[in-house]
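**Student:** I would like to see how this sequence folds:
(one chain, ligands or ions: 1)
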Amino acid sequence: MDWLRLATMGPTWEECKKIALIPFKNDDELIGEILKWQDCYNHTRKLTEDYSSKEVSAYIFYFFSTHLGRLKTCLARLPLEIQEDLFKTEFVDVGAGPATYTLAWYANIISRNPTQQLQKSYLIEQSMNMRKAADLVLDYYLRDLDCRYYNNIMSLPEMGGTSTYFFGHSLNEMNVEIVISEILQKNPTYLFFLEPGTKQSFAKMLSMRTLLLASNQYQVIYPCARSEICPLERQKENWCHQYVDLRFDPAIEGMCQKMKRDRKRSPLIFHLYKKVSENSKIQSQHEGIHFKNAEDQKGKIVFSLCKNKNGKNVLEEKMILKRHLSKAQEKQMAKILAGDIFDTRLLPDLSPSELELERGPVKK
Ligand SMILES: C[S@@+](CC[C@H](N)C(=O)[O-])C[C@H]1O[C@@H](n2cnc3c(N)ncnc32)[C@H](O)[C@@H]1O
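**Tutor:** Model prediction:
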């Protein structure tokens, strides 16, 4: 198996065919099924009894195949020591679906270090058809992985060492108050959320963040500069999300083009929290994050930042006048995406006063 290809681009079309529960007669039938369900998956899916075999199979070709590569880009935005620490934990895939992020997790581990010993894995999933697809996925890619299914967080066994609870497009289907109460009883080391990049999903993520910080048991590792009040809590028009640039198998990309859906630049909401304990005091975090993509405006490039100022998280807009930049620098800056860590080293070697006209805080 080419683990790096899998971690970067997700499965091939041929692999999806092997994992899908049922075949589709043709592309039109498959695309029709995806379009029928797409809005529900991304926004507010009604929890029906179970997904049908047809829905799960459509999920494999579209969501499973295009979600998988997101994890690698998200991990790359974390400090290296956190990435290494994460990979030593036992992995709990909460709302695992067809084991999308279980596979992504181990593909990232194996592609970096093929000899690393794989920790145990736990899949929380109530849908029997999703479990059937997960069985096919795990049997095809990760036959030797030690993993078990559970119906909910409370039925998980005691874990001896450190653990990561991973929510991949699943918190948006769950009740935040119930999830937080279960988390605080189980005390996992890390909480990893990779949720749809929608305004509704941000609102839910923000409630989760507020409750986690209020418990004084967790700190934010990403995306916030500090585990302090989010400046967007009192704003309606701005919301914080990230973008990742992805590549897919050509046949998967062809299907997305046919549907007129661009999955290559994907919005998402990625948050990582770590338990505060005696041994892991509050970490000093980064200086700030781009919470919108850089805007290439006439004569200037505009950045929207959420920055650490005197220990607080504050919003700030910065403009860099293009006339101060070389063409190469201009191109590099225009590529900055929401979710990229603010890096002063990226700014060219000119004094800040020459370069930046600070506009001050973003208007409320
Ligand atoms: C949109 S799918 C995401 C699947 C996978 N994590 C991914 O990103 O591709 C959400 C999954 O969460 C499961 N789910 C939702 N609420 C759940 C709950 N309370 N307990 C267990 N699983 C749940 C659903 O059955 C579904 O398979």
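**Student:** going forward, measure contacts between C-alpha atoms and count neighbours the same way
**Tutor:** Will do.
**Student:** which residues of the protein lie near the ligand?
**Tutor:** 41, 63-64, 95-97, 100, 124-127, 130, 151-152, 168-170, 173-174 (C-alpha under 6 Å from any ligand atom).
**Student:** which stretches of the stretch 251-364 of the chain form strands?
**Tutor:** 265-275, 288-290, 295-297, 300-309, 312-321, 356-360 (DSSP state E, counting those that start in this stretch).
**Student:** and those, which is most packed in?
**Tutor:** Burial of the strands of the stretch 251-364 of the chain is given as mean neighbour count (mean count of other C-alpha atoms under 10 Å); strand 288-290 ranks first at a mean of 25.
**Student:** sorry, back to before: out of the residues of the chain next to the ligand, which are buried?
**Tutor:** Burial by neighbour count, 16 or more other C-alpha atoms under 10 Å: within the residues of the chain next to the ligand this picks out 41, 63-64, 95-97, 100, 124-127, 130, 168-170, 173.
**Student:** just the ones in strands from those residues, please.
**Tutor:** 124, 168 (DSSP state E).
**Student:** mind putting the strands of the stretch 251-364 of the chain in CSV, mean pLDDT included?
**Tutor:** Shown next, in CSV, are those (pLDDT from 0 to 100):
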stretch, mean pLDDT
strand 265-275, 96
strand 288-290, 91
strand 295-297, 88
strand 300-309, 89
strand 312-321, 88
strand 356-360, 46
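**Student:** which residues touch stretch 94-105?
**Tutor:** For stretch 94-105, contacts defined as C-alpha atoms under 8 Å, 6 or more residues apart in numbering pick out 6-7, 60, 64, 67-69, 71-72, 91, 93, 121, 123-127, 130-135, 137-138, 141-142, 153, 165-171.
**Student:** off-centre distance for it?
**Tutor:** How far stretch 94-105 lies from its chain's middle: 12 Å, per C-alpha atoms, centre = their mean, to the nearest Å.
**Student:** likewise stretch 2-11?
**Tutor:** 17 Å.
**Student:** can you mark which positions in that stretch are buried?
**Tutor:** So, applying 16+ other C-alpha under 10 Å, buried residues of stretch 2-11: 3-11.
**Student:** list the contacts of the spatially most central residue of the chain.
**Tutor:** Central residue of the chain (C-alpha atoms, centre = their mean): L194, 3.0 Å from the mean position. The contact partners of L194, taken as C-alpha under 8 Å, 6+ apart, are 166-169, 268-271.
**Student:** any idea how the chain splits into domains?
**Tutor:** Following automatic domain parsing, one gets these domains for the chain: 3-275, 288-360.
**Student:** by mean pLDDT, show me the worst of those.
**Tutor:** Among the domains of the chain, domain 288-360 carries the lowest mean pLDDT, at a mean of 80.
**Student:** helices along the stretch 201-350 of the chain, start to end?
**Tutor:** Assigned helices in the stretch 201-350 of the chain, in chain order: 250-258, 327-334 (criterion: DSSP state H, counting those that start in this stretch).
**Student:** can you tell which of the ones you listed is closest to A107?
**Tutor:** For those, proximity to A107 was assessed by C-alpha to C-alpha; helix 250-258 is nearest, at 19.1 Å.
**Student:** export that closest one as CSV, just CAs?
**Tutor:** Output in CSV follows, covering the C-alpha atoms of helix 250-258 (Å, rounded to 0.1, in the frame of the first residue of the first chain):
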residue,chain,number,x,y,z
PRO,A,250,-8.3,11.7,-11.0
ALA,A,251,-11.6,9.7,-11.2
ILE,A,252,-12.8,11.2,-7.9
GLU,A,253,-11.9,14.6,-9.1
GLY,A,254,-13.7,14.0,-12.4
MET,A,255,-16.9,13.0,-10.4
CYS,A,256,-16.6,16.3,-8.3
GLN,A,257,-16.3,18.3,-11.6
LYS,A,258,-19.3,16.6,-13.0
